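**Q** One predicted model, sequence on top.
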Amino acid sequence: MASSTSLLPSGTKDIVYLGHGGRPCPHFRQQSNPSPWSDLGAMEDMFGHGEGDTIYDTQLGLSNLVIVHSTGVYSHRVSWCQCPGAEMDRHLHLLKARLFPASITRPQSAFTFDVLDNFLIDALECKTSAMSFYQKLRRFTNNAFPHKIPDRYRELMRVSRIWRDLMNRIRFGFGHKTDASPGPGDLALYCPTCPQPGINLPSSWKDSYDERANWWIKLRQHMKMKTPEDDVSLADGKGYMVTEGPYESHKSSCSNHRAVNAANVQRSNLRATGVGATACARHGCFVPHAVVDFQKGERQMNMDYSICNALKYPSEDVSSALIIYDVACQWSIHFRERVDKSYHLSLPPSIKILPAIGKFHLSAHKLPCFARFSLNFITGAGHIDGEILETLWAPFNKISPTARSMTLSHRKEVLDDHMRDSNWKKLVGIGKYPFTSKCQIITQKGVNNTQGPYEELTNSLDLADVQKWKKEAELAALDRGEHLDIYQLRMDKAPTMAEIRLRLTENELSTIGRTGAVAWLIEGINIENAQDALRSSIRQHSDDPTASQRIMIEEKRQKLLSRINKFYETAMAITNGMELEGGEGLQQDDPELCLEEADEYNFPGIEDPEDDSLLDLSENADSAAEVAELWMPSWVASDAIMDDVIMALRQKELELRKGQANDCLEKLRQALGDRSVVFQEKLHSNKSVHHRGTRSTKELQKITLAINKHAREYRRSRAAMQRLQPDSDTLTLYQSLKADDLAVSKEVTEENRHGQGSDKLAWFWRINSATNSQKIYRVNWLKAKARYDRWSEELKLVQHEMHWTVRWFQNQELMWRRRSGESIKNGHKAYAEKQAFMWAEFAAEGMKGFQGKWSTTS
């Protein structure tokens, strides 16, 4: 297949004339012989000749040139201008003809401006690599034999970098200031909507707005270069990536730099393992000169550098900055100290850092982090989720495979270009009518939905309480830290057995004059639990256990019996040799708590405990450790109760039994909640109909056995408390536990059932509810107020941002108008007018889209 090999109209000679508007140079010496190119039509002939110039061509002012265009790759002869005084540099002739040469002295390849523009747009929008783009051009030229088309891939890589840098310098005004070089971040586009003193804020902004900026910080790998000395940077630190030299000095000054350099085997070939960026939290625009490379994961020294650079970007007189970071709870602890100790880090004077965590990441943190780092409780934050940067990484993941093998400088330029394009696309769409109208509607709806509940709750509460809570909220917003814990519901929790044991042990010597009684009582309770566990294990065996099962049971019995004997030896010392006799005998296990709860499933392997064959109760039944009577002070005979030692032991056991009951009830609540979730998600749903009897059923069985175990232990502890004759309040608090109390909640299994008005939770779900009601009201009111405040702030911010956006566009227009007035060359003036018209159009669209919606603050 042969394709067109010329960019010129058919019927014309295959010669491109330079310097005279496409016409031959008057001083061009016409050939006496026909061109050897005139009869060549096939691609293999066109590209088969040598690319160098012959002596004959040089005498005639002709050169062979491969021209890469957006429609293919072409070979032409180029006639250079031979006029006296003409440009001697051939690359300038090509540039005037809108051809970008691949080299300077003797160019043999050139790229049209159109193909370079197409490549950059393809790379930004379609994430096309240079190799794929050039292969496309070769196939455009000759789809059957693309290998016969000259390979200009390396030239495209080099020329596209230069072209990108030139375009950026022109678009940011440095084509009009040839004597000035761009500084850090000068070739980067920032958010037009964020408040920027001196750019889009009025001179009286301090009296009208909150002095706060919103930032969000937050990966791509990069391989090491074999010859890094060959790397040349065209825009080091001029865009979004930080300048290499100062950043390397900062890393070198870190005390942990040696650890950073000690990369593991998997990363030994990587120059960078990822990037960390800072972007505005509300609109997701990357902050110029604030993107850093990671060397060994995400480290505080990397993010400190990024954040400090971001805070220097238009932040004149800004008093506070909201930093939203995944691990802000840890990062913020010593941030100021790290900045003060570093020669390379600095912050604007008197700026206050407000650390916060995005709402998605906050759910994975510990509960104390919620109140102190939630965006819901930060005055001035508006209604944001703090996760916008996560949405920006998706496009960069597509270019990661290509960028990881580039040179360091080339990779930074590509990342800069994609970040610049990301900000540009947000700028283009930010003033459009559907977007602004939707923002206004959503924000107003949020205010309306939170205002009513907040006001209703406020009117239903005592005014004195409301005023007190309001002052607490104001203090928390000002001082933050532990003051924000008012938003955290801290219920009065019953003391655990471990806490009671600690208290009793600390006071043990003063009460009975000796130590060891508490540990002895704890050991007795633990032996009771071990007996229960052994009985449960025996019940789970079949009627005819195997020899190995019998051996295992006997070994457990012997170990348990040894513990019981040692327990009695200690008891003799604790009670001064008092003769110990059991009371009413062993607490019998309730059959209802030795089976699964009443439901439609039947788990194999657990038989009715009334079957005597389950427990080996023969003539040696009295010696079976799992059913042996265990003397405790609660079992003491009534005639010995008046003994002072026994009275002290009974009081201690009562306290420990309360802790034991509290632990059992807490574990019951957790296990019942787990069983409800498993029942709903894995057994009750339609999808799980065909999966009963498999892993989900076994998981439910395991949870049910744990529930029964905790229930039996609670009953033993309550029975012991009853024998210890506590006061009436204790017996009222620790009620009898029934099997019906342990059923799966119908709130999960039958959500649409009839007669829900008569439902009632089991008694142990409502312990301490009266003492905590005031705290519940306080937290609910504070959170309702915070929700309403954030949406009200969001409405004001959206209205102000409309005004700031238009002012930013107008500021850009004024800058280009000024450049136009200062321009001497016609080309400079025309380009400046074109840019000024574009920004004026943006401002006009914004004013039209914001009409009737924005704030009147000027």
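**A** Looks like it came in fine. Everything numeric here is computed off the predicted structure, so don't read it as measured data. Residues are numbered from 1 along each chain as shown.
**Q** what sits against residue 388?
**A** 216, 279, 281, 282, 283, 284 (CB atoms under 8 Å, 6 or more residues apart in numbering). The C-beta positions use only the backbone N, C-alpha and C, and glycine is treated the same way.
**Q** Export those residues as TSV, with columns for distance to residue 388 and secondary structure.
**A** As requested, the contacts of residue 388 are exported to TSV (distance: CB to CB, whole Å; DSSP: H, G, I helix; E, B strand; the rest coil):
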residue	distance to residue 388	secondary structure
216	6	strand
279	7	strand
281	6	coil
282	8	coil
283	8	coil
284	4	coil
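**Q** hey, where'd the strands end up in the stretch 301-450 of the chain?
**A** 320-324, 352-356 (DSSP state E, counting those that start in this stretch).
**Q** wouldn't residue 342 be in contact with residue 250 here?
**A** Yes: in this structure, residue 342 is within contact of residue 250 by CB atoms under 8 Å, at 6.9 Å.
**Q** what secondary structure does residue 143 sit in?
**A** Three-state assignment for residue 143 (DSSP: H, G, I helix; E, B strand; the rest coil): coil.
**Q** Could you give the number of residues near it?
**A** The number of residues packed around residue 143, counting by other CB atoms under 10 Å, is 10.
**Q** any idea how far it is from residue 72?
**A** Here residue 143 is placed at a distance of 10 Å from residue 72 (CB to CB, to the nearest Å).
**Q** which residues sit in contact with the closest residue to residue 114 other than its chain neighbours?
**A** Nearest residue to residue 114, sequence neighbours excluded (CB to CB, 6 or more residues apart in numbering): residue 70, at 4.9 Å. Shown in contact with residue 70 (CB under 8 Å, 6+ apart): 112, 114, 115, 118, 137.
**Q** From the residues you listed, pick the one nearest residue 311.
**A** residue 118 (38.5 Å; CB to CB).
**Q** Pull the contacting residues for that closest one.
**A** residue 70.
**Q** and it, what helix or strand is that in?
**A** helix 113-125 (DSSP states H and E).
**Q** buried stuff in that helix?
**A** 113, 115, 116, 118, 119, 120, 122, 123, 124 (16 or more other CB atoms under 10 Å).
**Q** just stretch 729-744 next, same as before
**A** 730, 733, 734, 737, 741, 742, 744.
**Q** Just the ones of those in helices?
**A** 730, 733 (DSSP state H).
**Q** Present the buried residues of stretch 729-744 as CSV; the columns should include pLDDT and distance to residue 796.
**A** As requested, the buried residues of stretch 729-744 are exported to CSV (pLDDT from 0 to 100; distance: CB to CB, whole Å):
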residue, pLDDT, distance to residue 796
730, 87, 55
733, 86, 50
734, 88, 53
737, 87, 55
741, 80, 51
742, 80, 52
744, 60, 48
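**Q** for the buried residues of stretch 729-744, which one is nearest residue 483?
**A** For those, the nearest to residue 483 is residue 733 (33.6 Å; CB to CB).
**Q** can I assume residue 64 sits in a helix?
**A** No: per three-state DSSP, residue 64 lies outside any helix segment and is strand.
**Q** unless I'm mixing things up, it is touching residue 75, no?
**A** Yes: shown here, residue 64 and residue 75 form a contact pair, counting by CB under 8 Å, at 7.0 Å.
**Q** what about these two, which has more around it?
**A** Ranked by neighbour count (other CB under 10 Å), residue 64 and residue 75 place residue 75 first, with 22 against 18.
**Q** Secondary structure of that one: a strand, I assume?
**A** Yes: the assignment for residue 75, made by three-state DSSP, places it in a strand.
**Q** any idea how far it is from residue 404?
**A** From residue 75 across to residue 404, the span is 35 Å (CB to CB).
**Q** go on, residue 517?
**A** For residue 517, the distance to residue 404 (CB to CB) stands at 68 Å.
**Q** ok, those two, which is more surrounded?
**A** residue 517 (24 against 15).
**Q** And for that one, nearest residue in space, chain neighbours not counted?
**A** Closest to residue 517 by CB to CB, 6+ apart is residue 574, at 5.5 Å.
**Q** Near the nearest residue to residue 146 once chain neighbours are set aside, how many other residues are there?
**A** Spatial nearest neighbour of residue 146, chain neighbours left out: residue 138 (4.0 Å); criterion: CB to CB, 6+ apart. Residues near residue 138, counting by other CB under 10 Å, number 21.
**Q** Let me see the contact set for residue 138.
**A** 72, 73, 146, 149.
**Q** CA atoms of the helix or strand where it lies as PDB?
**A** If you go by DSSP H and E, residue 138 is part of helix 130-141. Listed next in PDB are the C-alpha coordinates belonging to helix 130-141 (Å, rounded to 0.1, in the frame of the first residue of the first chain):
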ATOM      1  CA  ALA A 130       4.800   9.400  22.700                       C
ATOM      2  CA  MET A 131       5.400   5.900  21.300                       C
ATOM      3  CA  SER A 132       1.700   5.300  20.700                       C
ATOM      4  CA  PHE A 133       1.200   8.700  19.100                       C
ATOM      5  CA  TYR A 134       4.100   8.300  16.700                       C
ATOM      6  CA  GLN A 135       3.000   4.800  15.800                       C
ATOM      7  CA  LYS A 136      -0.400   6.200  14.900                       C
ATOM      8  CA  LEU A 137       1.300   8.700  12.500                       C
ATOM      9  CA  ARG A 138       3.300   5.900  10.900                       C
ATOM     10  CA  ARG A 139       0.200   3.900  10.300                       C
ATOM     11  CA  PHE A 140      -1.600   7.000   8.900                       C
ATOM     12  CA  THR A 141       1.300   7.200   6.400                       C
END
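**Q** I figured residue 283 was touching residue 426, is that so?
**A** Yes: counting by CB under 8 Å, residue 426 is a contact partner of residue 283 at 6.0 Å.
**Q** what do these two both touch?
**A** residue 191.
**Q** on that earlier part again, so for the residue nearest to residue 146, what's the pLDDT?
**A** For residue 138, the model assigns a pLDDT of 93.
**Q** Could I get the full set of helices for the stretch 201-350 of the chain?
**A** Counting by DSSP state H, counting those that start in this stretch, the stretch 201-350 of the chain has helices at residues 205-208, 244-253, 257-261, 300-312, 328-331, 335-341.
**Q** swap in the stretch 601-750 of the chain?
**A** Using DSSP H, counting those that start in this stretch, helices in the stretch 601-750 of the chain cover 644-678, 695-723, 728-733, 746-749.
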